[in-house]
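>>> okay, here's the prediction I keep looking at, along with the sequence it came from:
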Amino acid sequence: MSEITLGIIGGGQLGSMLAIAAKKLNVKTVIFCDDIDAPAQNFCNQFIAGSYENNEKIIEFVNEVDMVTYEFENIPFETLNEINKLKPVLPKPSVNRLIQHRLAEKDFVNKLNIRTTRYVSIEKKSDIDALEDFLPGILKTTTLGYDGKGQYPIKSGDELNLLNIDFSKGFILEKLVKLKKEISIIITRFSNNKYEIYEPIENTHEDQILKYSKIPAEINKKIFDQSKEWAMLIAEELKYIGTLCVEYFIDRNDNLYVNEIAPRVHNSGHLTINAFNVSQFENHVRAVCGLDQVPLKKISNAKMINLLGDQIIHYRNIEKFKNNEFFFDYLKKDIKEKRKMGHITTLI
Ligand code: ADP
Ligand code: MG
């Protein structure tokens, strides 16, 4: 069999974990990233640093690989589209364009008759005054947000006036859901009606950043089934290839809402590395490289803790972990407050 080389755009921890999974499958990886210090360079076969608009570098990257995937969604559509003319990009660039825009994403989900939070597009400050209905809410940039970045909780129009926001960028205002729980579904779609789907994962956020994930999620049967069904419907409708994550809210009346979709492997799925026979990363590589689908089997219940900022230091100093503990250090060069530096998964 000829050897496959997978190109990955983005060199953070998700890129590292994709590269590790690929190695296990004898798939070579070339990572392209705009950060010269990208941690994933420690795990891939080849690393190319360059801006996502640098044509020369992009061509250099494309020439090295058989197909291209990505580990984060904020990549210019034009870049993915141009690459796709030369080598297949999976998931498709059009899927990424849809999902990287919060408004387009929510419109798409609603068209499938799937519930989302109530939301409205905001183009200028005065738009907010007329929208008492959506308050208290969260104002979010329509693009480029992650880990709570570009989000402003607001209770009143007055509060907004105190913020100095540049409305030339697009925003949406989302009604705040009174959260009981958050869960996510990770699904890998291989082709029409062929997928592997993980059980719902229960997630706890602190300051809008994921802190804990665990399986099993403590949810009722209806939510268990509906969250999986909706994720399958979304993946089918997008004709998605690869691993996708759907983040959900559950309110105090046990209503389920799609919060957002991530067209990529996801932080809440890190526990799949140790808790299943095939991780979300391996499944992604299998799907985008056209390798065999392996039936998913659960090995254990599990919980995962994200190590943010200097929380990593304590774990770096532990000499021996327990047999059921798996520590991952992302090898990021600088420790920054709230930055995801590593995680620890415990099988329970
Ligand atoms: P990001 O792209 O940063 O992950 P999200 O929209 O997923 O943005 O928001 C991050 C977290 O903020 C959510 O997981 C949730 O805990 C909280 N949050 C966001 N929007 C709402 C909302 N409308 N109601 C309640 N909580 C919210
Ligand atoms: Mg989110």
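Great, that's in hand. Numbering: from 1, shown residues only. Ligands and ions are numbered 1, 2, ... in the order given.

>>> switch to C-alpha atoms for all contacts and neighbour counts from now on
Fine.

>>> quick one: residue 205 and residue 183 touch, right?
No: no contact is recorded between residue 205 and residue 183 when judged using Cα atoms under 8 Å, the distance being 10.6 Å.

>>> which of these two has more neighbours?
Neighbours per residue (other Cα atoms under 10 Å) separate residue 205 from residue 183, with residue 183 holding more: 27 against 14.

>>> ends of stretch 4-20, what's the gap?
Terminal residues of stretch 4-20 lie 15 Å apart, using Cα to Cα, to the nearest Å.

>>> likewise stretch 263-275?
Across stretch 263-275, the straight-line distance between its terminal residues is 22 Å, by Cα to Cα.

>>> same thing with stretch 233-252?
Taking Cα to Cα, the first and last residues of stretch 233-252 lie 25 Å apart.

>>> tell me the average confidence for stretch 247-265?
Mean pLDDT, stretch 247-265: 98.

>>> point out the residues in the protein that sit beside ligand 1.
117, 138, 145-149, 174-177, 205, 208, 260 (Cα under 6 Å from any ligand atom).

>>> quick one, strands of the stretch 51-200 of the chain?
Under the criterion DSSP state E, counting those that start in this stretch, the stretch 51-200 of the chain contains strands at 67-70, 119-122, 137-141, 151-154, 171-175, 179-191, 194-197.

>>> which ones are touching residue 255?
Neighbouring residues of residue 255 by Cα atoms under 8 Å, 6 or more residues apart in numbering: there are none.

>>> how about stretch 117-135: buried residues?
The neighbour-count criterion (16 or more other Cα atoms under 10 Å) identifies 117, 119-122, 128, 134-135 as the buried residues of stretch 117-135.

>>> which of the residues you listed sit farthest apart?
With distances taken as Cα to Cα, the most widely separated pair in the buried residues of stretch 117-135 is 117 and 128, at 17.0 Å.

>>> with adjacent residues omitted, what lies nearest to residue 66?
By the measure of Cα to Cα, 6 or more residues apart in numbering, the closest residue to residue 66 outside its immediate chain neighbours is residue 5, 5.4 Å from it.

>>> tell me how many other residues crowd that neighbour.
By the measure other Cα under 10 Å, the count of residues near residue 5 is 19.

>>> for the one 10 residues further on, same thing?
By other Cα under 10 Å, the residues close to residue 15 number 29.

>>> now it: how far from residue 190?
Using Cα to Cα, we find residue 15 at a distance of 20 Å from residue 190.

>>> how far is stretch 119-134 from where the chain is centred?
On the basis of Cα atoms, centre = their mean, to the nearest Å, stretch 119-134 is displaced by 28 Å from the centre of the chain it belongs to.

>>> how about stretch 230-248?
For stretch 230-248, the separation from the chain centroid amounts to 12 Å (computed by Cα atoms, centre = their mean).

>>> what distance separates the opening and closing residues of it?
Stretch 230-248 stretches 10 Å from its first residue to its last (Cα to Cα).

>>> low-confidence stretches in the protein?
Counting by pLDDT under 70, the chain shows low-confidence ranges at 1-2, 129-130.
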